Every structure is written in C-alpha cells, then in structure tokens.
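Participant: generate coordinates for the sequence data below:
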Amino acid sequence: MNLFKKLFFVACIGVFLGCINTTVVHADTEKNDQVTIDDVHKADEYVSVKGNRFVFDEQKAREKLSSEDVKVINDQIARVNQQIASNSMKIDTESKEIYTPVKYFSFAVHNSNYTTKTFWWGKRYYFTSNEAVKRGAAHFRKIANDRGNDSIFWSAVGDAVAYISPWYTLAANLASLGVQGVANRFNRAASDLVAYNNKHRKNRIYLDFNFSCQYSLHILK
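Facilitator: Alright, predicted model coming up:
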C-alpha cells in the first residue's frame, strides 16, 4: 500500500473508531477507555472543585474503584479541565456545574423547551413539560438523521473507490457502519425518552449523557 492509500485507510478507520467511542448505551455494561454511567455514580463523591478546576481524590477513590477506573476518570477530568481553561468557563463549587459566566435561569421549573447543565462527566437534559420532551426527542432524532446521512456518504465513498483498491472499500465501509451505529443509538435515546415520560406523566424528568454518550433517565426530585 502506498502512502496515500495508508493515509486514506487510517482516516476512515479513525472515523469508525471515533463513532464506536461515542456510541450511546442505555443498559449495556461494556467497558472501554471512556467513563461509564456506573463510573460517574461511583466517582462523583471523590471529585471536588478547587481553583476553578476539578480535583479527583485518587487515594480515597482507590478504596472503592479499580486502578483501571481511577485512570479512566483521571484522564476524563484532565481533558475537561483543559477545555474549561481553554474556553474561559467556570465551575460552580457547590453543584460542580460547568458554565459560561452569563446569567442563566432555574432549570427545575416548567419550561416548554428542554434545558441543560454540563458537568465533569457530561451533560444533563431537563424535561419539565411534555413539549420539552417532544423537542428533546426531536433533537436526538435530528442527530441520528445527520449521522445516517454521514453513513450513506461513507458507503458511497466505498462504492466509488472500489475500482482502486479493496482496502479503500473496506475502510469506507467500516466508517459507514460505525456512523450508522451512532445514528441507531440516538434514535433509541429518543424513543426511550418518550417512553419514560409516558410512564411518569406526573413527574418532571431528566436524562444524563456522559462524554461517551451513554445515557440514563431519572425522575427530577
């Protein structure tokens, strides 16, 4: 394989692997180099805020978490701290919410649109009305549709370059499969959100997405 072919193949594999790392998981317990929903629940008590940075108490965390989990969480927090510094963002020392220094409103009130807050582990979506749920589901389905279009693009690339080399076709088809997997997962998130809301019509709800795009649904108390 010449240099150009190698670069093309690596680029397509990168797209495929990137899609795998951002797969949305609701009930699965797969473990990779990303922070999972379970990790968040176990580790959040060991994360504090000092000097507008997240600090992870490794020593205490090791009493309950494995060395692998500690490393994954440390890496996640390091990336988030870098983003906070680069984008002049702030951290609320009480809630550990990440925000830009502008005025914002209460999230736990009736709102016709969904609202969000960002934390060290990912983003929380608040739904305090049926209309907010409808718009949130539409948002997730739009993401799914966009990823579906990306999948069609990579599939077309695979067909177009088939005459050049089977390596090109393989790489493009892998990328297409990866992106389509993400689209399917976002559609699942939209469906789960609507179903959860239907079961809890008298409650306000929220959805947690971590930076691996794994999600979980809860009642807002």
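Participant: which residues in this structure form strands?
Facilitator: For the chain, strands defined by DSSP state E occupy the ranges 47-50, 53-56, 90-91, 98-99, 115-118, 122-127, 205-210, 215-219.
Participant: from the contact counts, what lies against the fourth one?
Facilitator: If you count contacts as 3 or more CB pairs under 8 Å, 6 or more residues apart in numbering; DSSP states H and E, strand 98-99 packs onto strand 90-91, strand 115-118. Placement of C-beta: from N, CA and C, glycine included.
Participant: again, only using 7 Å
Facilitator: Helices and strands touching strand 98-99, by 3 or more CB pairs under 7 Å, 6 or more residues apart in numbering; DSSP states H and E: there are none.
Participant: please renumber so the chain begins at 31
Facilitator: With the count now opening at 31, the last piece we talked about shows up as strand 128-129.
Participant: got the contact list for that strand?
Facilitator: With contacts defined as CB atoms under 7 Å, 6 or more residues apart in numbering, strand 128-129 is touched by I114, M119, K120, I121, D122, T148, F149.
Participant: just the buried subset of those residues, please.
Facilitator: I114, I121, T148, F149 (16 or more other CB atoms under 10 Å).
Participant: okay, and the beta partners of the second one?
Facilitator: When assigned by DSSP bridges, I121 has beta-bridge partners I128.
Participant: contacting residues around it?
Facilitator: With CB under 7 Å, 6+ apart, I121 has these contacts: V79, N82, F84, I114, I128.
Participant: closest one of these to N104?
Facilitator: F84 (10.3 Å; CB to CB).
Participant: partner residues bridging that closest one?
Facilitator: Bridge pairing for F84 - DSSP bridges - gives V79.
Participant: surely it touches Y76?
Facilitator: No: look at F84 against Y76 with CB atoms under 7 Å: they stay out of range, at 10.5 Å.
Participant: how about the contacts of strand 128-129 in TSV, adding distance to D99 and pLDDT?
Facilitator: Output for the contacts of strand 128-129, formatted as TSV (distance: CB to CB, whole Å; pLDDT from 0 to 100):
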residue	distance to D99	pLDDT
I114	22	93
M119	26	91
K120	28	94
I121	22	95
D122	25	94
T148	22	93
F149	18	94
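Participant: farthest pair in those residues?
Facilitator: Pairwise over the contacts of strand 128-129, using CB to CB, the maximum falls at K120 and F149, 12.9 Å.
Participant: run through this protein and note the low-pLDDT ranges.
Facilitator: 31-63, 132-141, 177-213 (pLDDT under 70).
Participant: now with 80?
Facilitator: 31-65, 131-142, 174-216, 242-243 (pLDDT under 80).
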